[in-house]
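Trainee: got a sequence here, can you model it:
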Amino acid sequence: MGILTDEMKLLIAQHRLGFVATVNENGTPNLSPKGTMVVLDDNHILFGEVRSPNTVSNLQRNPAVEINIVDPLSRKGFRFKGVARYIERDSPAFDELYPKIHQHFEQWGSLKERVRGVVVLEVRRALSISSPAYDIGVTEEALLQHFGHYYQDLADEKLTKLAAADFELVGSKLCPFVQRSVITLLHKQVKFRIRYVDLAEPPEWFLGLSPTRKVPLLVVDGGNVIYESAVINELIDELTPARLHPADPIQRARNRSWIEFCSNCLVDTLHMTTAETEEAFRDVVSANKAKLEILEAELGEGPFFNGADFSLVDAAYAPLFVRLGLIDRQLPIIDREALPKIAQWSDRLLALPSVINSVVSDFPELYEAIIWKRQGYLSHFLQGADERTPVQRGRY
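Mentor: Predicted structure coming up:
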């Protein structure tokens, strides 16, 4: 039985960026974030594209290595200790290892020819840790203290300035397209602020930013206002490290197509809450199932849309699965046996911290309240509907 548990593997799969601490000549740890890392098997972790000469030289002197990876939301994580090997690209050992790891480099957008070397850690011990330094509200000083080496590594790729962009998201608490952007920001561990507005009575400052009254809006560096969730998410992805969009242009275009497809599925969830009759409700459910059957045929082995790595497609579909799940609680509409891949994908997404924390704490109650306000067929199946006072149908 290996050392790495399913919980450890899941955390690595979700966040991938960890801190490698090699040992200096004087015995002190040399902390240096390297991303991106993946699990090779039950006892080994791979760190790809290691470029730091200090890390390489330290490993040559002392193979003892420590890796820390922490969930930025719960601030809980693991410290992995063991013995590491640095494997250069132009070596027999790399050629032997490459068939097992080539798919990871392809997913990260790198070719074999661009890789200088990798670190493979044989885990000997794993400890639980907790660190407040990864909190979303962390100060800029703390970011520089903990991520300074990472920013320096990124400078070679001209991303230092972009990684420090100031993000303020403006949205409404129930909008699924706003939730997409929150998921993207949380998953990428990006520092940001969010302001919620009431679209029924929008404040003047919001109308000044968005004359169409649409959300989400992303305000970048205090003055640049960006519209539309798909555009916002791609911008966030371009301005921050660890890209979620595929590097291959065809694959990237395919991802964009399925993100647009999801928007139509989300419209179905709106119509499920507004349909006035059982027949109209069932028609919408049937139309949505037909769309999901098309999607089911496109899915691979998972656990995410593109395979092993979370992408912007996953961020787009998670709000859909949140809403379908809440509707299913009131009136069963999900056929898990007919859509096994979607069921598995949905379960994985809904368990991610970035999805769980992408909505306000009372989101289920707010969503139920809007279902009741719309007074459609579905509203009659809410708990205590018989005792509720009917209301005038409200708009979304």
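Trainee: how does the protein divide into domains?
Mentor: 6-134, 165-239, 249-385 (automatic domain parsing).
Trainee: end to end, how far does the second one reach?
Mentor: When you say that, I think you mean domain 165-239. With C-alpha to C-alpha, to the nearest Å as the measure, domain 165-239 spans 7 Å from end to end.
Trainee: return the distance of it from the chain's centre.
Mentor: Relative to its parent chain, domain 165-239 has a centroid offset of 16 Å by C-alpha atoms, centre = their mean, to the nearest Å.
Trainee: number the chain from 56, please
Mentor: Will do, 56 is the new start, and the previous item becomes domain 220-294.
Trainee: state the mean pLDDT of it.
Mentor: For domain 220-294, mean pLDDT rounds to 92.
Trainee: all helices for this protein, in order.
Mentor: Taking DSSP state H as the criterion, the chain carries its helices at 61-70, 108-116, 147-163, 195-210, 215-218, 231-242, 259-264, 284-294, 304-329, 333-353, 367-385, 395-405, 408-411, 418-429.
Trainee: mean pLDDT for these: which is lowest?
Mentor: helix 195-210 (a mean of 37).
Trainee: Ala335 - nearest residue in space that isn't next to it in sequence?
Mentor: Tyr432 (7.0 Å; C-beta to C-beta, 6 or more residues apart in numbering). Placement of C-beta: from N, CA and C, glycine included.
Trainee: mind listing what the one you found touches?
Mentor: Residues near Tyr432 by C-beta atoms under 8 Å, 6 or more residues apart in numbering: 330-333, 335-336.
Trainee: may I ask which of the residues you listed has the most neighbours?
Mentor: Phe336 (22 neighbours; other C-beta atoms under 10 Å).
Trainee: close enough to count as contact, that one and Thr324?
Mentor: No: the criterion here is C-beta atoms under 8 Å, and Phe336 misses it with Thr324 at 11.8 Å.
Trainee: quick check: phi and psi on the residue nearest to Glu348 when sequence neighbours are not counted?
Mentor: Distances taken as C-beta to C-beta, 6+ apart place Leu394 nearest to Glu348, at 7.0 Å, with adjacent residues excluded. Here is the backbone geometry of Leu394 (degrees, to the nearest 10): phi -130, psi 60.
Trainee: make CSV from the helices of the chain and add distance to Met92 to it.
Mentor: Putting these into CSV (distance: least, C-beta to C-beta, whole Å) gives the following:
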stretch, distance to Met92
helix 61-70, 6
helix 108-116, 13
helix 147-163, 9
helix 195-210, 13
helix 215-218, 18
helix 231-242, 16
helix 259-264, 39
helix 284-294, 19
helix 304-329, 22
helix 333-353, 28
helix 367-385, 19
helix 395-405, 19
helix 408-411, 18
helix 418-429, 32
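Trainee: I'd say Ile291 and Val237 touch.
Mentor: No: with contact defined as C-beta under 8 Å, Ile291 does not reach Val237; the gap is 10.5 Å.
Trainee: neighbour-wise, which of those two wins?
Mentor: Shown here are Ile291 and Val237; by other C-beta under 10 Å, Ile291 has more neighbours (25 against 22).
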